[in-house]
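Undergrad: Sharing a model that was predicted from the sequence below.
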Amino acid sequence: MTDPHDSAGLQGKAGHNLPSLRLHVPEPPARPGESADFTHFDIPAADAAPRPDETAQPATMRDMAYGLVRVLDENGAAVGQWNPNLPPETLLRMLRTMALTRAFDARMFRAQRQGKTSFYMKSTGEEAVSIGAALALDRDDMCFPSYRQQGILIARDWPIIDMMNQIYSNKGDRLKGRQLPIMYSARDAGFFSISGNLTTQYPQAVGWAMASAARGDTRIAATWCGEGSTAEGDFHSACTFASVYRAPVIMNIVNNQWAISSFSGFAGAEATTFAARAVGYGIAGLRVDGNDVLAVYAATRWAADRARANAGPTLIEHFTYRVEGHSTSDDPSAYRSAEESSLWPLGDPIARLKQHCIALGIWDEDRHAAMDKELAELVRDAAREAEKNGILGHGLHHPMESMFEDVFEEMPRHLKEQQQQMLDEWKAAGL
């Protein structure tokens, strides 16, 4: 009989009777130079997903985390139980806001390439995720975004020149150059400061929502992260608190298939959906076509109504695709097939809504082309105005001493001393 404490005996037994263990390392379906293949994706019909009651128990809607909420079909028609039946003016507002976001991205990307700022991140192909949600939420609901939700600010009519000033870190930057470019903060727009650290916004959103409920307020919170960020501890801590306290919060996971250079399989996509993260926490989970702005709107409105009915949080996975690089510092051709974006089976969110509006007879190709030209000129003019305030790298745009300000209501003694020491050294150096 083998002694259970005899390691040599155990090793011998394992080597003699059991197969060798093998480590599984996820592999994307296509690498650079290979043909992209999305045939393994199960894309259900646009009218296939049922629409549960907003106050349904999470256990009764488990299958929603594995299906796909869709509204727009292949012919551009809005179908099924999730069709929000929006009026023409709302549809056209959605279309214009998505187009403006894309024009803004294009201009700021060009500005980075011209050396006017250090960094930029485009949301190309993901515009529906932020804009559909923003228009479904109330204006005073609080948003805790990640770094690809600039569409929320644009949908809430925040001045794009203010966003550009922040990107340029110039003298018009309300944040005084303290945040990296694209990490906006706009309290008056219900837009919490973006953080470069992954998923910090999740527990912040849940805490804000809990406070709103504790005060007896009517406002809810919404937050966003990428699919890779669901591996962060903050994500799971937030889910625990949201579930236990039934926080009025919407937790959005933007599954755009890629992190900086690793595909979604490294975050668990091979094993299950990201919406399924909700099941283990007893949270309502929805999986949504993230390139269908009507589906995003409908799912967000459902989740918002659920939160306001004190039925608890909702976790929404937006199934979409990151068309561009992770940022201006990234070259996606180094790690994925060059043809992937053109073969993405759920198409382009702007093109799909345009097709729908044309089918309804409220839009046409000529008006769309005229709108694109108008928006390009609008963004160009705003950029020229912002650049009058300076661009990144052209000297200091804010007084040196301001770096110590706006942290405490009253600056403590030790910071005053450090501030004075810095100014003395600055003067002694002749700067």
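TA: Good, I have the coordinates.
Undergrad: CA atoms for contacts and neighbours, from now on please.
TA: Noted.
Undergrad: Phi and psi next, for residue 226.
TA: Torsion angles at residue 226 (phi, psi; degrees, to the nearest 10) stand at phi -80, psi 160.
Undergrad: Leaving aside the residues adjacent along the chain, what's closest to it?
TA: Leaving aside its sequence neighbours, residue 226 sits nearest to residue 254 (CA to CA, 6 or more residues apart in numbering; 4.7 Å).
Undergrad: Give me the sheet partners of the helix or strand containing the one you found and which way each runs.
TA: If you go by DSSP states H and E, residue 254 is part of strand 249-255. Partners of strand 249-255 in the sheet, by DSSP bridges, are strand 221-226 (parallel), strand 314-319 (parallel).
Undergrad: Would you mind finding the most buried of these?
TA: strand 314-319 (a mean of 30; mean count of other CA atoms under 10 Å).
Undergrad: Please state the offset of that strand from the chain centre?
TA: Remark: strand 314-319 is offset 11 Å from the chain centroid, using CA atoms, centre = their mean, to the nearest Å.
Undergrad: those strands in the stretch 1-150 of the chain, which residues are they?
TA: Here the stretch 1-150 of the chain has its strands, by DSSP state E, counting those that start in this stretch, at 142-144.
Undergrad: Include mean pLDDT and distance to residue 165 when you put the strands paired with strand 249-255 into TSV, please.
TA: Converted to TSV, the strands paired with strand 249-255 look like this (pLDDT from 0 to 100; distance: least, CA to CA, whole Å):
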stretch	mean pLDDT	distance to residue 165
strand 221-226	98	24
strand 314-319	98	30
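Undergrad: Please state the offset of stretch 359-374 from the chain centre?
TA: 27 Å.
Undergrad: Outside of the strand holding residue 254 itself, list whatever touches it.
TA: Strand 249-255 is contacted by residues 129, 202, 205-206, 209, 220-227, 230, 242, 264, 274-275, 290, 300, 303-304, 307, 312-321 when judged by CA atoms under 8 Å, 6 or more residues apart in numbering.
Undergrad: for stretch 272-280, same thing?
TA: Residues from elsewhere that reach stretch 272-280 (CA under 8 Å, 6+ apart): 58-59, 62, 65-66, 227, 239, 253, 255, 268, 284-287, 314-317.
Undergrad: Could you give me the PyMOL selection string for whichever of those are buried?
TA: For the buried members of the contacts of stretch 272-280, the matching PyMOL selection, counting by 16 or more other CA atoms under 10 Å, is:
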select buried, resi 58+62+65+66+227+239+253+255+268+284+285+286+287+314+315+316+317
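Undergrad: State the distance from the nearest residue to residue 62 once chain neighbours are set aside to residue 59.
TA: Distances taken as CA to CA, 6+ apart place residue 279 nearest to residue 62, at 6.7 Å, with adjacent residues excluded. Here the criterion is CA to CA, to the nearest Å. By it, residue 279 lies 8 Å from residue 59.
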